[in-house]
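Peer 1: sequence first, predicted model second:
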Amino acid sequence: MELPLVTDVVEGSPAHRAGIAAGERLVTVAGRVPTDVIEYQQLTDPADVALRVRADDGAERDVVVAKAQGEPLGLMVASAVFDRVRTCDNHCPFCFIYQLPKGMRRSLYLKDDDYRLSFLYGNFTTLTRFTELDVERVLTERLSPLYVSIHATDPQLRAEMLRNPRGATSLRWLEVLLDAGIEVHGQVVLCPGINDGLHLERTLLDVLERFDALASLAVVPLGVSDHASEPTLRAHTQAEAAAAVDLVEAHQPLFFRCVGRRLVHAADELYLVAGREPPGIGAYDSLDQAENGVGLWASFAQAFTRRRGSLAVRPGFFQAVDGAPPIGYRAPTGAPTRAQAASGRVVVLTGAYAAPLLDGLCRTSGVGADVVAVPNRFFGGNIAVAGLLCGVDVAATISDDGGDATYLLPDACLSDGRFLDGVRLEELRGDVRAVSTDGAALRRELEALGARR
């Protein structure tokens with residue numbers, strides 16, 4: 001097991017006052033060796049925590065950090081899991097990791113199926129590696145919410161989709177979690193010709209019968225890149241996407257009558273493939289799966305137009321666990337701050353799916369910005385969401401546009417200032433600025449730049 005590496009110490013925090021420094025490792029916390037950042041937080045929650053730390057040269061020392069009960073230590077560690085990330089032993093043909101091109105940074109190829117990362121970051125788990133000890137910990141420590149990939153409730157079909165015989169039985173753990181009151185959000189990755197149609201209808205009815213305590217269920221379309229090698233995979237046709245949307249919407253009244261909420265929702269992307277605009281904010285029970293594309297556009301438009309609503313997006317899937325490193329959606333963008341005025345024209349760059357919607361929103365709101373879609377040639381296929389924009393494609397789009405404008409792009413496509421293809425934001429030519437991926441932030445930025453019609 002790798003000892004937790006301290007990567008940052010908040011100035012003025014109890015750890016800073018005690019002399020803990022970045023680069024040191026935590027040997028023990030309160031006399032124990034924590035296996036993950038969840039246990040670390042529990043051990044550091046009491047007052048006056050005893051640490052044993054190890055410097056780069058191997059020298060160890062004991063430190064008592066004076067603090068009040070519940071006060072954060074003020075450390076950030078390099079990894080959320082200290083023992084070993086539980087990797088996925090499924091072989092889902094639709095897994096996007098199998099569709100990545102070669103040569104990307106190594107961390108992108110890691111497949112996890114770890115319930116701890118589900119709790120911490122909203123990663124979806126299939127529960128095929130879940131055990132009695134895991135469920136005991138989840139129930140005892142109330143690790144909630146969790147996020148579970150269902151895909152299909154038919155045991156044989158689910159096992160075939162996961163290419164794992166345990167897929168036929170692992171949903172029993174979902175029943176245990178729900179019966180114990182753990183908040184769980186589910187998803188169905190819809191693969192045309194495989195788990196759609198009658199299979200999707202059976203899944204929805206089984207959810208109503210067996211898993212009606214789910215907090216939400218997202219039905220999301222399959223993404224197929226040019227690097228996919230599975231012959232059974234293909235993108236949805238418009239008619240198939242429309243049929244799936246109709247099926248979901250037809251079952252929402254049934255769920256509402258039985259459990260008092262609509263529970264199941266189709267992702268925005270499925271509506272767009274169907275040639276329809278995603279529904280407004282009033283069509284959703286919650287925005288808990290906005291980062292999975294459910295109600296994301298509705299929440300964005302509500303914030304952009306400054307309409308008030310009763311629903312709000314949670315501050316990301318990331319749960320507030322002291323010390324946990326921000327990764328994925330929670331990683332800082334690394335975007336430089338620029339206070340200067342716009343370089344002439346203002347252009348908003350986004351994915352091909354969102355571009356028509358955003359252009360219409362700007363026009364009806366009187367905002368004078370051009371909206372330009374960035375074709376995703378790096379991944380290819382039907383990959384057209386803003387969060388998967390890559391630096392090489394953004395650079396090509398700016399070049400084709402002339403490069404003489406101020407370009408705004410959503411920070412969801414950046415992690416620590418890097419695109420998925422490894423290009424850094426500062427490597428792009430011209431005036432390119434990352435903006436927080438929410439409607440209010442984009443509206444403020446556009447108005448500050450004087451982009452009015």
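Peer 2: Okay, I see it.

Peer 1: ok, now which ones touch the closest residue to residue 221 other than its chain neighbours?
Peer 2: Spatial nearest neighbour of residue 221, excluding adjacent residues (CB to CB, 6 or more residues apart in numbering): residue 270 at 4.7 Å. Heads up, the C-betas are built off the backbone N, CA and C, glycines and all. Residue 270 makes contacts with 190, 219-221, 236, 241, 244-245, as judged by CB atoms under 8 Å, 6 or more residues apart in numbering.

Peer 1: what helix or strand is residue 270 on?
Peer 2: Under the criterion of DSSP states H and E, residue 270 resides in helix 268-273.

Peer 1: after that helix, which helix or strand is next?
Peer 2: Downstream of helix 268-273, the next assigned helix or strand under DSSP H and E is helix 296-304.

Peer 1: what helices and strands are in contact with that next one?
Peer 2: Counting contacts by 3 or more CB pairs under 8 Å, 6 or more residues apart in numbering; DSSP states H and E, helix 296-304 is packed against helix 354-364, helix 439-448.

Peer 1: which strands and helices lie in contact with the first one?
Peer 2: With contacts taken as 3+ CB pairs under 8 Å, 6+ apart, helix 354-364 sits against helix 296-304, strand 345-350, strand 370-373.

Peer 1: all strands of the stretch 151-300 of the chain, in order?
Peer 2: 184-190, 216-221, 264-266 (DSSP state E, counting those that start in this stretch).

Peer 1: can you check what angle separates the first one from strand 216-221?
Peer 2: It refers to strand 184-190. Going by axes from the mean of the first three to the mean of the last three CA atoms, to 10 degrees, strand 184-190 is angled at 20 degrees with respect to strand 216-221.

Peer 1: rewinding a little: could you dump the helices and strands packed on helix 296-304 to a markdown table with mean pLDDT, distance to residue 376 and mean neighbour count?
Peer 2: Below are the helices and strands packed on helix 296-304 laid out as a markdown table (pLDDT from 0 to 100; distance: least, CB to CB, whole Å; neighbours: other CB atoms under 10 Å):
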| stretch | mean pLDDT | distance to residue 376 | mean neighbour count |
| --- | --- | --- | --- |
| helix 354-364 | 93 | 12 | 18 |
| helix 439-448 | 90 | 20 | 17 |
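
Peer 1: farthest from the middle of the protein: give me that residue.
Peer 2: residue 59 (39.1 Å; CA atoms, centre = their mean).

Peer 1: for the spatially closest residue to residue 126 that is not a sequence neighbour, which phi and psi angles does the backbone take?
Peer 2: The shortest distance from residue 126 to any non-neighbouring residue, by CB to CB, 6+ apart, is to residue 149 (5.0 Å). Per-residue torsions, residue 149: phi -80, psi 120 (degrees, to the nearest 10).

Peer 1: now the helices for this structure?
Peer 2: 14-17, 37-44, 115-121, 132-141, 155-162, 171-179, 198-210, 238-259, 268-273, 296-304, 354-364, 391-401, 439-448 (DSSP state H).

Peer 1: which one of the ones you listed lies nearest to residue 431?
Peer 2: helix 391-401 (9.7 Å; CB to CB).

Peer 1: show me what counts as buried in the closest one.
Peer 2: Across helix 391-401, burial judged by 16 or more other CB atoms under 10 Å covers 391, 393-395, 397-398, 401.

Peer 1: what's the angle from it to strand 345-350?
Peer 2: 150 degrees.

Peer 1: how about stretch 70-83 as PDB, C-alpha atoms only?
Peer 2: Provided in PDB are the C-alpha atoms of stretch 70-83 (Å, rounded to 0.1, in the frame of the first residue of the first chain):
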ATOM      1  CA  GLY A  70     -14.500  18.800  13.100                       C
ATOM      2  CA  GLU A  71     -11.900  21.300  11.900                       C
ATOM      3  CA  PRO A  72     -10.200  20.300   8.700                       C
ATOM      4  CA  LEU A  73      -6.500  19.400   9.000                       C
ATOM      5  CA  GLY A  74      -5.800  21.500   5.900                       C
ATOM      6  CA  LEU A  75      -4.000  18.900   3.800                       C
ATOM      7  CA  MET A  76      -4.500  17.600   0.300                       C
ATOM      8  CA  VAL A  77      -3.200  14.200  -0.600                       C
ATOM      9  CA  ALA A  78      -2.200  12.900  -4.100                       C
ATOM     10  CA  SER A  79      -4.700  10.000  -4.300                       C
ATOM     11  CA  ALA A  80      -8.200   9.300  -2.900                       C
ATOM     12  CA  VAL A  81      -7.300   5.600  -2.500                       C
ATOM     13  CA  PHE A  82      -4.200   4.600  -0.700                       C
ATOM     14  CA  ASP A  83      -4.300   0.800  -0.900                       C
END
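
Peer 1: hey, which of the strands of the stretch 151-300 of the chain is tucked in deepest?
Peer 2: strand 264-266 (a mean of 26; mean count of other CB atoms under 10 Å).
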